[in-house]
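Chemist: below is the sequence, then the predicted model.
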Amino acid sequence: MASTSAPTHVTQSISDRKKSRELAEARQAGTVAPAVDVKSGQIINPHNPEFITKRPWYLGGGDVAGADGDAGPSLDHQADQRLDKDKIELSMSTADAEIRKQRKKFKEMQRKQKFAVGMWVEAMRSNKGPYRMCQITKISKKGTQFDLKYEDGTVERKVKFDKKKSSKLFSGDKKPRIKMVKSGSRTIQLDASVHGKETFDSKRDKYHGYDHESHTKMVEKVFNEREAIRKQMRNKEKAELAKQRSKDKASSKDEKKEKIASDSDSDLDSDVESDSDEEFVQKDEDDKVITSRLARQGGVGGAQMKVTARNLRIREDTAKYLRNLDVNSAFYDPKSRSMRDNPNPEVSPEEAQFVGDNFTRISGDAIKMAETQMFAWDAETKGIGEVHAQANPSQAELLNKKFKNKAAELKLKKKQAVLSKYGGEEYLDGTDGLADATEKGKKASTTTLAAERKTRYGVSMTPEEYNRDGRLVKGGQGKAKNIPQKSKYQEDVFINGHTTVWGSYFHVGAYAWGYADDHSLIRSSYCTGANGRKANDESNQLRYGTGAAGSAALAQAKALLKSMPKPKAGKSTLSASAPPSATMSKLYGEADESQLENLDKKKLKEALAKASKKDDDDGDDDRKRKYNSLGADADVTAEEMEAYRMKKGRSDDPMA
């Protein structure tokens, strides 16, 4: 219990402060007995800090016996200083039990239309609607006059209301001035002075004071009303069905009178009718069974139930994991029963029966949704505004549509600017390219343009489609027929201005293919026409001959003779009487037997030594080699030529 003395503060002198410090040090050292709590009789720990052991001055009292009415030192100020009545708190369970009692009491008062001070009710201010929440602050004149305090703080005094007289007005047009409200947290509250204070959790509990019984009754009431409507609709449907059946039976009897049917046919008709009746009767029950079965498979129903129903397959269908038994094929997820990739990518999509579950993501409206999402991301990146394809899909779709229309208009303006600058509008027909920027291209249709072009060019085309074995699949006239497959090579393709294909001409001398229009043997050459054909014939004749034996060598010799300069008079290095073979041998460095017999062996030996010494000098240091072009001999002797031939390496000869 806290002290009732007024708080006072006395400043200690220096000597008193010094004595108290020495006493505390002696108690800590153990030379002096520690202080004893005068109220509990327990020893006070001398090592406690002073701010713990010393009583604050604002609580009143003192630590010295006799000071301010206290008996001696104590740690009572560390205990709870509240009064006993303030220490009482209600737990959550106790508060809920009290709330239930209060609710039961309130319902009894509501049934008897009994008002009390502090009760929240609904009343019409100045007897004018609507009803407003207010609290009764005073009841007088035997419960017929009330003082009401509304939520906005206004107070209405001396409101006359007699519940006995007003009860008759419930069935009339006039409404009562004051009426009870439904039970709620504002109507039912615990009095802290009577029951105690609620705990922190109890006051802030979301469902504290929740009346589940009233809610259950309300749900049952709504369910019963809807069930009555459903029952009425089912009875109406059954009545209409019975009426329709009676009409069908009457019409069938009329037909039987006109036509004589066998007994077996009549029995069959009756069996069919009976089966259909049972089917209609059992329809609702079957629906319930299927729904319950799906709910059990899904676990908790809802989305899981839908997934279970979606992934069920018909037994006649081939399972996804049996499409391709290769272990390295598409992955099959057994939990979701999905195979996202194509199990047979080598099969064409037209012939494949299953191409994977991801096919649905790139077909239908999924592509439009992806385009809208990409537009929203691009718009946010470029700072156009907050466009969200999920939060506001209508706005995103509208902006995307406007953007596409504006882009098409800008593109059309560019095409119109090109036509206005360069002209040529009269030569355009169609709806592609620059043609869609013209007035004719805007109004033209594909069918009209096709008819005009057929009339203009006299062309008639019928599209036809064939499969791999050559059978007609689509288009054409008549029955399907087998057509031989085309070659895998390109046919009838003219390139570089040629009027004939490559391989239409063959030169025997060159033994090579060419073009028949200009006799060119180079595939990537351009067509040169008739003049080029003459030039190519002459060059091919000189280079390759006519194809006969020795014609190529003879043609080359003639070309060399033409290219040789003619010797001047008196200065010819070769004798006029020398045969052509000697001239050719000397020109190309080749020697025949007659020349080898006339060689001087001594000069040949010197030429070989000179060539060997030259090779050694060049191999030592190539940087010290002199320029031979300045000091080279004008003529080469036959012995030096033979030495060169003997020293020359022949990499192409395996026996050299």
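Modeler: Looks like it came in fine. Residues are numbered from 1 along each chain as shown.
Chemist: can you report how many residues lie near the closest residue to residue 341 other than its chain neighbours?
Modeler: Using CB to CB, 6 or more residues apart in numbering and skipping the chain neighbours, the partner closest in space to residue 341 is residue 330 (3.7 Å). C-beta here means a position set from N, CA and C on the backbone, and glycine is covered the same way. The tally of other residues near residue 330 (other CB atoms under 10 Å) stands at 21.
Chemist: right, and residue 330 touches residue 340 too?
Modeler: Yes - Residue 330 lies in contact with residue 340 (CB atoms under 8 Å); the separation is 7.3 Å.
Chemist: what is in contact with the two at once?
Modeler: Residues touching both residue 330 and residue 340 (CB atoms under 8 Å, 6 or more residues apart in numbering): residue 356.
Chemist: which SSE is the residue nearest to residue 341 in?
Modeler: Counting by DSSP states H and E, there is no helix or strand that carries residue 330.
Chemist: residues contacting it?
Modeler: 324, 339-343, 356.
Chemist: where is the longest helix in the protein?
Modeler: Longest helix of the chain, by residue count under DSSP state H: helix 212-258.
Chemist: what is that helix packed up against?
Modeler: Secondary-structure packing of helix 212-258 (3 or more CB pairs under 8 Å, 6 or more residues apart in numbering; DSSP states H and E): helix 263-281.
Chemist: just to revisit the earlier point, in PyMOL, select just the buried ones from the contacts of residue 330.
Modeler: Buried subset of the contacts of residue 330, written as a PyMOL selection, criterion 16 or more other CB atoms under 10 Å:
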select buried, resi 324+339+342+343+356
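Chemist: show me the strands in this structure, by range?
Modeler: When assigned using DSSP state E, the strands of the chain occupy the ranges 89-90, 120-124, 131-140, 145-150, 155-160, 178-179, 197-198, 464-466, 472-475, 505-507, 512-514.
Chemist: can you flag the weakest of those by average pLDDT?
Modeler: Lowest mean pLDDT within those: strand 472-475, a mean of 73.
Chemist: can you list the buried residues in that strand?
Modeler: Judged by neighbour count (16+ other CB under 10 Å), strand 472-475 contains these buried residues: residue 472.
Chemist: cool, and stretch 87-100?
Modeler: For stretch 87-100, by 16+ other CB under 10 Å, it's 90, 94-96, 98-99.
Chemist: quick one: pLDDT of residue 370?
Modeler: In this model, residue 370 is scored at 88, pLDDT.
Chemist: could you do residue 397 as well?
Modeler: Value listed for residue 397 in the pLDDT field: 91.
Chemist: excluding residues flanking it in the chain, which one is nearest it?
Modeler: Distances taken as CB to CB, 6+ apart place residue 372 nearest to residue 397, at 6.0 Å, with adjacent residues excluded.
Chemist: pLDDT below threshold where in the stretch 451-600 of the chain?
Modeler: 451-461, 469-470, 475-488, 547-552, 559, 562-595 (pLDDT under 70).
Chemist: relative to residue 392, how far out is residue 213?
Modeler: Residue 213 sits 42 Å away from residue 392, going by CB to CB, to the nearest Å.
Chemist: more neighbours: those two, which one.
Modeler: residue 392 (14 against 10).
Chemist: from residue 378, how far out is the more buried one?
Modeler: According to CB to CB, residue 392 stands 16 Å off from residue 378.
Chemist: now residue 498
Modeler: Distance from residue 498 to residue 378, by CB to CB: 49 Å.
Chemist: the two: which has the busier surroundings?
Modeler: Neighbour count, other CB under 10 Å: between residue 498 and residue 378, residue 498 has more, with 19 against 13.
Chemist: wait, isn't the more buried one in contact with residue 517?
Modeler: Yes - using CB under 8 Å, residue 498 makes contact with residue 517 at a distance of 5.7 Å.
Chemist: give me the common contacts of those two.
Modeler: Residues touching both residue 498 and residue 517 comprise residue 527, with contact defined as CB under 8 Å, 6+ apart.
Chemist: and for the residue nearest to residue 177 when sequence neighbours are not counted, the neighbour number?
Modeler: Computed as CB to CB, 6+ apart, the closest residue to residue 177 that is not its neighbour in sequence is residue 161, at 4.8 Å. The number of residues packed near residue 161 is 19, by other CB under 10 Å.
Chemist: surely residue 521 and residue 511 touch.
Modeler: No - in terms of CB under 8 Å, residue 521 does not count as a neighbour of residue 511; the distance is 10.1 Å.
Chemist: neighbour count winner among these two?
Modeler: Remark: of residue 521 and residue 511, residue 521 carries more neighbours, 18 against 9, as counted by other CB under 10 Å.
Chemist: residue contacts, that one?
Modeler: Contacts for residue 521 (CB under 8 Å, 6+ apart) come out as 507, 510, 512-514, 536, 540.
Chemist: do the same with residue 201
Modeler: Residues in contact with residue 201 (CB under 8 Å, 6+ apart) are residue 92.
Chemist: pull up the gap between it and residue 92, please.
Modeler: Residue 201 is 6 Å from residue 92, by CB to CB.
Chemist: so what pLDDT did residue 187 get?
Modeler: For residue 187, the model assigns a pLDDT of 57.
Chemist: that older thread, including distance to residue 408, could the strands of the chain go into TSV?
Modeler: Below are the strands of the chain laid out as TSV (distance: least, CB to CB, whole Å):
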stretch	distance to residue 408
strand 89-90	73
strand 120-124	62
strand 131-140	60
strand 145-150	63
strand 155-160	68
strand 178-179	65
strand 197-198	69
strand 464-466	33
strand 472-475	33
strand 505-507	52
strand 512-514	51
